[in-house]
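Participant: have a look at this prediction, sequence included:
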Amino acid sequence: MISKVVSGPDEAVQDIFDQATLMLGGFGLCGIPENCIASILKKGTKGLTCISNNAGVDDFGIGLLLKTRQVKKMISSYVGENAEFERQLLSGELEVELIPQGTLAERVRAGGAGIPAFFTPAGVGTEVAAGKEVREFEGKKYLLENWLRADFSIVKAWKGDTAGNLVYKGTARNFNPMMAAAGKITIAEVEELVPVGELNPNHIHTPGIYVQRIFHGKNYEKRIEQRTISK
Amino acid sequence: MLDKTGIAKRIAKEVKDGMYINLGIGIPTLVANYIPSHLNVVLQSENGLLGIGPFPKEDEVDPDLINAGKQTITMMPGSALFNSAESFAMIRGGHVDLTILGAMEVSEQGDIANWKVPGKMVKGMGGAMDLVASAKHIIVAMQHCSKEGASKLLKSCTLPITGIKCVKRIVSDLAVLDVLPQGGFRLLERAPGISVEQIKNATAGSLLIEGDIPEMTI
């Protein structure tokens, strides 16, 4: 088996260049690549286009890269938890493309699957439809949406093996599997890195073919946005 | 007039045995608390779970298990986890029986606006546009009027819309109404203590009132 293992996040992100397009997995702060975000912050890469469902919070996740003005453009579906984001957006410092969540997921999936465009009903008749082809199928209108691909996809998994096979936990899966397939180079950080043969092939969520680099991520904070408890 | 809990309780009566349901953020999330326990329903969370359970106990909290509102949750026995593309495949594919979501405005054509207030709120649409474009049945939970008393049930929406001709039923603090296929709101029930006249005055879109309008039971 080919080994994809790199020493850590600094090595994994070392060739991410200014103006690169990145995909970053996660929903809210759940399943985000904390280690790689910290290394990109440290490295100071600028002018990034980040494709991610959300933009983190003010002091965590992609919010950290917004604060240091490393992000030129965000492509997301929901950005409501981040005051700095809203400030940069309203002042025009940050370009933002807001996309319906299912359309975002499918555009990323299409990118990884070699489908350049597809029709979806989401956004018909709204401002999302501006400039897009509308076609009717069996009496209902649909929008033509293009694929999304990235120079680097950065994903977070629960377990991975040295060949890049990945298993996610709970709802931390979210956008990670589609993004893994849609990056020219895909970097996976995992909580547990195991030798090949230890993961059950029946349980693999992301086959290693999509992953170019993998490392054991450390010190996961896994910050919770809304800690809700029942008594 | 119903409070948020009252709206949630009334909507819970729309839930039928065997349904797969997506609940939006806010009042719709509260609906889960009032679904009768003898009904078997499965709640879908668009971030990748079928089978949302109650909030966790202190020692069960798992940061890798949240709902679409980013709240910590648990899973019911028989749950299934999946990725975001699969989640919206089941939404767009019409496999979810009922979608309950909030709205800032609804038009008499069934258009809904709930994602943007130009110049003020730019949070994004999240999954709302996908949900309203495909759901078989959409119930909206909303306030009938703004704090200033302006109707939110309009001839046409003034805010940027989320979807066209999709809302089927509205449960507001004042009434239960259906959106008619040909357009217009049909009054079905009054909130406790609310008169037909009050609902008429609070509804800017065309309102159809046929016969006696019963007071709702919750």
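Facilitator: Alright, I've got the coordinates.

Participant: using CSV, list the CA coordinates for the lowest-mean-pLDDT helix or strand in chain A.
Facilitator: Within chain A, confidence by mean pLDDT, DSSP states H and E is lowest for helix A:83-90 among all helices and strands, at a mean of 85. Only the C-alpha atoms of helix A:83-90 are listed here, as CSV (Å, rounded to 0.1, in the frame of the first residue of the first chain):
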residue,chain,number,x,y,z
ALA,A,83,-19.6,39.0,13.8
GLU,A,84,-16.2,39.8,12.2
PHE,A,85,-17.4,38.0,9.1
GLU,A,86,-20.5,40.2,9.0
ARG,A,87,-18.5,43.3,9.5
GLN,A,88,-16.1,42.5,6.7
LEU,A,89,-19.0,41.6,4.4
LEU,A,90,-21.0,44.8,5.0
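
Participant: how far does it sit from the chain's center?
Facilitator: Centroid separation for helix A:83-90 versus its chain: 20 Å, with C-alpha atoms, centre = their mean, to the nearest Å.

Participant: helices and strands around that helix, which ones?
Facilitator: With contacts defined as 3 or more C-beta pairs under 8 Å, 6 or more residues apart in numbering or on different chains; DSSP states H and E, the packing partners of helix A:83-90 are helix A:63-67. The way it works is simple: take the backbone N, C-alpha and C, and place the C-beta from them, glycine included.

Participant: which residues are contacting the helix it packs on?
Facilitator: A:37-38, A:40-41, A:48, A:50, A:55-59, A:71, A:74, A:82, A:84-85, A:88, A:94 (C-beta atoms under 8 Å, 6 or more residues apart in numbering or on different chains).

Participant: show which residue of chain B lies farthest from the average position.
Facilitator: Relative to the centre of chain B, the most outlying C-alpha is that of residue B:59, 31.4 Å out, by C-alpha atoms, centre = their mean.

Participant: contacts only, for residue B:154.
Facilitator: Residue B:154 touches B:105-108, B:204-205, counting by C-beta under 8 Å, 6+ apart.

Participant: now with 10 Å?
Facilitator: Counting by C-beta atoms under 10 Å, 6 or more residues apart in numbering or on different chains, residue B:154 makes contact with B:105-109, B:111, B:113, B:185, B:203-205.

Participant: now do the helices in chain B.
Facilitator: Secondary structure of chain B by DSSP state H: the helices cover B:4-12, B:27-31, B:84-92, B:128-134, B:196-202.

Participant: give me the contacts around the second one.
Facilitator: Residues from elsewhere that reach helix B:27-31, judged by C-beta under 10 Å, 6+ apart: A:228, B:3-15, B:21-24, B:43, B:52, B:67-69, B:71, B:98-102, B:139-143, B:171, B:173.

Participant: now the last one
Facilitator: Judged by C-beta under 10 Å, 6+ apart, the contacts made with helix B:196-202 from elsewhere in the structure are B:1, B:143-145, B:149-153, B:172-175, B:177, B:185, B:187, B:189-191, B:194-195, B:207, B:209, B:212-213.

Participant: so in chain A, which helix runs the longest?
Facilitator: For chain A, assigning by DSSP H, the longest helix comes out as helix A:101-113.

Participant: circling back: list the contacts of the least confident helix or strand of chain A.
Facilitator: A:54-59, A:62-64, A:66-67, A:69, A:71, A:74, A:76, A:79-80, A:82, A:93-96, A:98, B:119-123.

Participant: all strands of chain A, in order?
Facilitator: All strands of chain A, identified by DSSP state E, fall at A:21-24, A:48-51, A:71-76, A:95-98, A:117-120, A:134-137, A:140-146, A:150-161, A:166-167, A:183-194, A:213-216.

Participant: parallel or antiparallel, which strands does the first one pair with?
Facilitator: When sheet partners are counted by DSSP bridges, strand A:21-24 sits next to strand A:48-51 (parallel), strand A:150-161 (parallel).

Participant: angle of the last one against helix A:101-113?
Facilitator: Read that as strand A:150-161. 90 degrees (axes from the mean of the first three to the mean of the last three C-alpha atoms, to 10 degrees).

Participant: give me the number of residues near the residue in chain A positioned nearest to chain B?
Facilitator: Across chain A, the shortest distance to chain B (C-beta to the nearest C-beta) belongs to residue A:102, at 2.9 Å. The number of residues packed near residue A:102 is 30, by other C-beta atoms under 10 Å in any protein chain shown.

Participant: now do it against residue B:93, distance only.
Facilitator: 10 Å (C-beta to C-beta, to the nearest Å).

Participant: any common contacting residues for these two?
Facilitator: In contact with both residue A:102 and residue B:93: residue B:134, using C-beta under 10 Å, 6+ apart.

Participant: before we move on, back to that, from the contacts of helix B:27-31, keep the buried residues only.
Facilitator: Buried residues within the contacts of helix B:27-31, counting neighbours by 16 or more other C-beta atoms under 10 Å in any protein chain shown: A:228, B:6-15, B:21-24, B:43, B:52, B:67-69, B:71, B:98-102, B:139-143, B:171, B:173.

Participant: now go through the residues you listed and say which are in strands.
Facilitator: B:21-23, B:43, B:52, B:98-102, B:139-142, B:171.

Participant: widest-spaced pair of the residues you listed?
Facilitator: The most widely separated members of these are B:52 and B:142, with 22.4 Å between them, by C-beta to C-beta.

Participant: pLDDT value on residue B:89, please?
Facilitator: If you check residue B:89, the pLDDT there is 98.

Participant: mind listing what residue A:185 touches?
Facilitator: A:12-13, A:15-16, A:20, A:150-154, A:211-213.

Participant: can I get these in TSV with pLDDT and neighbour count?
Facilitator: TSV is the format used below for the contacts of residue A:185 (pLDDT from 0 to 100; neighbours: other C-beta atoms under 10 Å in any protein chain shown):
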residue	pLDDT	neighbour count
A:12	98	27
A:13	98	25
A:15	98	10
A:16	98	19
A:20	98	19
A:150	98	24
A:151	98	17
A:152	98	25
A:153	98	32
A:154	98	33
A:211	98	26
A:212	98	20
A:213	98	20
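
Participant: which pair of these spans the longest distance?
Facilitator: Across the contacts of residue A:185 (C-beta to C-beta), the longest gap, 18.0 Å, separates A:20 and A:211.

Participant: re earlier: as CSV, the contacts of residue A:185 with distance to residue B:31 would be great.
Facilitator: Listed next are these as CSV, based on distance: C-beta to C-beta, whole Å:
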residue, distance to residue B:31
A:12, 43
A:13, 43
A:15, 49
A:16, 44
A:20, 43
A:150, 38
A:151, 43
A:152, 41
A:153, 37
A:154, 36
A:211, 40
A:212, 45
A:213, 44
